[in-house]
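Visitor: Next come a sequence and a model predicted from it.
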Amino acid sequence: MKILVPVKRVVDYNVKVRVKADGTGVDIANVKMSMNPFDEIAIEEAVRLKEAGIATEVVAVSAGLANCQETLRTAMALGADRSILIETDAELQPLAVAKLLKAVCVKEQPQIVLCGKQAIDDDANQTGQMLAALMNWPQATFASKVVVAGGKATVTREIDGGLETIEIGLPAVVTTDLRLNEPRYATLPNIMKAKKKPLETLTPAALGVDVAPRLKALKMAEPPKRAGGVLVKDVAELIAKLKNEAKVI
Amino acid sequence: MSILVIAEHNNSSIKAATLNTVTAAAKIGGEIHLLVAGSGCAGVADSATKIAGVSRVLVADAAHYADQSPENIAALVVAHAPAYSHVLAAATTIGKNLMPRIAALLDVAQVSEIVAVESPDTFVRPIYAGNVLATVQSSDPVKVITVRTTAFEAAGDGGSATLENLAASADQGQSKLISSELTQSARPELSAAKTIVSGGRGMGSGENYHKLLEPLADKLGAALGASRAAVDAGYAPNDFQVGQTGKIVAPQLYIAIGISGAIQHLAGMKDSRFIVAINKDAESPIFQVADFGLVGDLFELVPALTAALD
């Protein structure tokens, strides 16, 4: 069984981004970039399925600028067998990425696409569900446990009220939540090995996909800052403030 | 121009998030229809006719809608969506699961988690954990949108919508609900609570989390929340997580205890009206957003606070 894992290169989760002075975008020049954390969890889960003898091959795929290669090398250092870069300098929105992934699925015929539930830059939470729709496959989003057996996946999902477990047929799309696993660190020997693993480069045009954006960003702005508060000296003062100033208790 | 709002419910009652979504629809303007898809959901549909601003309630009642599987609900919505200018749902786990599937089947973009409506085609949405607000314009014929419920008031009652039955779409048979473990609690629902008591890694253990925070939450009639660190450590269940990728909350009062205030946590609670932080480290980022900060040992301060609230 082949597992496809889409990975996205994003601004590192520790970086607090700034809006460009003219409000046209976010200044990401010279900031640290990393693999989207939910995608690391997806890679880890796929590699564990391979280690358990359930998956036979893990293929990482990324779409974007040439430097997404670094993210794919990281995915391979974590255990992916090979990777595909769909190289473009076009702005990619979730629907376009889902269409690119569909083209890759048609070519690669994976049984499971394991992706992160959302990217921490655009916070869209769309691509996995969109891919499932375009493939007419079932979807299991926000997974905290995945069991694959007998051509089916049994997936425990993190939902607003707690947890639910569903069973879906394969092929399917599964998106990862935080508690699915704790990703390993890439070891130096594995980072070296990853440099020799195959990385194929494609383009949206070669895949026959129109990636033109559907949403136009008119403006970017920083939200109003909260005014700094005060430190109180003890519990009595806190209660007095909450009662008399805030009037919330 | 008419707007389809997808109601969230459990086949017996409508979820509060639906009411906020109706308000977002009203800001867009146009006739509002509410879709109630479920199984044995006639009571839900009936009560939905009273939501102010809704002119028509569409009911699709079939066994295969009972679990709200996105495959089946999307098939139903897509059959009706072309008649609408907008399709809206709350940005809850149900809405987030369902709406991108609908958007892709319609070959349109989705606008995720809007916090403001600028015009019928222009919306504001947070990105980068709420550190940036993006104003985006959609040129798609049907605008598929999820709504951040804390950004819109709940619609009131007093409506008198007409009821209409929809033929069910075919069962896609792609997904089966095996079991659910819903957190049972007499406390208010986290995303709708007026007061939230939230604990972080500083609680030290699940036992401390419950022993210290429950009596405080009881005194305040508050919901319990947690930081990601506390959930990851097993102090609290996953549905307690407040933050960028958990629940977004905006209560009147948010009390953060033993929470340092990572960007990802602040993203989930910084729109609260008043924030109280109790933490032993005066340098914690949480104090930069707190209206009232108390530096000290939470193991002394929290019981003292609880005792003083009589």
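Guide: Alright, I've got the coordinates.
Visitor: The strand ranked longest in chain A: what's the following helix or strand?
Guide: If you go by DSSP state E, chain A has its longest strand at strand A:139-149. Following strand A:139-149 in sequence order, the next helix or strand is strand A:152-159 (DSSP states H and E).
Visitor: what sits up against that following strand?
Guide: If you take C-beta atoms under 8 Å, 6 or more residues apart in numbering or on different chains as the criterion, strand A:152-159 is touched by A:112, A:140-148, A:163-170, A:172, A:174, A:177-179, B:93-94, B:178, B:180, B:238-239. Quick note: C-beta positions are derived from backbone N, CA and C, even for glycine.
Visitor: Give me the buried entries from the residues you listed.
Guide: Burial by neighbour count, judged by 16 or more other C-beta atoms under 10 Å in any protein chain shown, picks out A:112, A:140-146, A:148, A:163-166, A:168, A:170, A:172, A:174, A:177-179, B:93-94, B:238-239 from the contacts of strand A:152-159.
Visitor: Let me know how buried the closest residue to residue A:146 other than its chain neighbours is, in neighbour terms.
Guide: Leaving aside its sequence neighbours, residue A:146 sits nearest to residue A:155 (C-beta to C-beta, 6 or more residues apart in numbering or on different chains; 5.3 Å). Here the number of neighbours of residue A:155 (other C-beta atoms under 10 Å in any protein chain shown) works out to 27.
Visitor: before we move on, what about residue B:221?
Guide: Residues near residue B:221, counting by other C-beta under 10 Å: 12.
Visitor: what's the answer for the one 4 residues further on, then?
Guide: For residue B:225, the count of nearby residues is 35 (other C-beta under 10 Å).
Visitor: nearest residue to it other than its sequence neighbours?
Guide: residue B:198 (3.6 Å).
Visitor: In the sheet, which strands lie alongside the host helix or strand of the one you found, parallel or antiparallel?
Guide: When elements are assigned from DSSP H and E, residue B:198 belongs to strand B:195-199. Note on strand B:195-199: by DSSP bridges, its sheet partners are strand B:223-226 (parallel), strand B:253-257 (parallel).
Visitor: Wait, residue B:54 touches residue B:161, no?
Guide: Yes - applying C-beta atoms under 8 Å as the test, residue B:54 and residue B:161 come out as touching, 4.5 Å apart.
Visitor: what is in contact with the two at once?
Guide: B:34, B:48.
Visitor: ok, these two, which is more surrounded?
Guide: residue B:54 (25 against 20).
Visitor: what bridges to that one?
Guide: Beta-bridge partners for residue B:54, by DSSP bridges, are residue B:32.
Visitor: quick one, the helix or strand containing residue B:99 and strand A:152-159 angle?
Guide: Using DSSP H and E, residue B:99 maps to helix B:93-106. Angle, helix B:93-106 to strand A:152-159, by axes from the mean of the first three to the mean of the last three C-alpha atoms, to 10 degrees: 120 degrees.
Visitor: Name every strand pairing with the helix or strand that helix B:93-106 is followed by and say which way it goes.
Guide: Counting by DSSP H and E, the next helix or strand C-terminal to helix B:93-106 is strand B:110-114. Taking DSSP bridges as the criterion, strand B:110-114 pairs within the sheet with strand B:143-147 (parallel).
Visitor: which residues are in contact with the strand it pairs with?
Guide: Residues from elsewhere that reach strand B:143-147, judged by C-beta under 8 Å, 6+ apart: B:20-21, B:24, B:81, B:85-91, B:95-96, B:99-100, B:102-103, B:106, B:108-114, B:120-121, B:123.
Visitor: Appreciated, that's everything.
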